[in-house]
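> fold the following for me, if possible:
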Amino acid sequence: MTNCVEETGEAAVLARITRALHTVLGDCAPDPGAVTMETRFVEDLDLESIDLVVLTGELRAAYGDRVDFPGYFASLDLSEIIGLTVGHLVRHVVESLR
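Predicted coordinates:
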């Protein structure tokens, strides 16, 4: 397993999260170009808590134990989870992989 910049940079992590969203949301997934760093999981994508759990399961399959998704979500209060953007999650993943 390599940790090259292309695999761990924001653009690569954003692409990975977008692919995971397509797995989680299926036919309801947005077009890949529509998911940006400002996209909100709850307000823009209508994700429910179970969807976030499935999403983090998909991402854990990609990143393994290098990214502590349960710890990250546990550190957020309800308003932060409701306002969580793709960019917040991207930055958490990138920082965890450093």
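> in the chain, what residue spans correspond to helices?
Using DSSP state H, the helices of the chain run over 5-8, 10-25, 49-63, 69-74, 78-82, 86-97.
> export the ones you listed to a markdown table and tack on distance to residue 36, mean pLDDT and mean neighbour count?
To be clear about C-beta, it is placed using only N, CA and C from the backbone, and glycine gets the same treatment. Below are the helices of the chain laid out as a markdown table (distance: least, Cβ to Cβ, whole Å; pLDDT from 0 to 100; neighbours: other Cβ atoms under 10 Å):
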| stretch | distance to residue 36 | mean pLDDT | mean neighbour count |
| --- | --- | --- | --- |
| helix 5-8 | 19 | 62 | 12 |
| helix 10-25 | 8 | 95 | 18 |
| helix 49-63 | 16 | 93 | 16 |
| helix 69-74 | 20 | 92 | 14 |
| helix 78-82 | 18 | 93 | 10 |
| helix 86-97 | 7 | 96 | 18 |
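> tabulate the ones you listed (JSON lines), appending distance to residue 31.
Shown next, in JSON lines, are the helices of the chain (distance: least, Cβ to Cβ, whole Å):
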{"stretch": "helix 5-8", "distance to residue 31": "23"}
{"stretch": "helix 10-25", "distance to residue 31": "9"}
{"stretch": "helix 49-63", "distance to residue 31": "18"}
{"stretch": "helix 69-74", "distance to residue 31": "25"}
{"stretch": "helix 78-82", "distance to residue 31": "24"}
{"stretch": "helix 86-97", "distance to residue 31": "14"}
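> so which of those helices comes closest to residue 37?
Proximity to residue 37 (Cβ to Cβ) singles out helix 86-97 among the helices of the chain, at 3.3 Å.
> got the contact list for that closest one?
Residues from elsewhere that reach helix 86-97 (Cβ atoms under 8 Å, 6 or more residues apart in numbering): 3, 8-10, 13-14, 16-17, 35-41, 59, 63, 66-68, 72.
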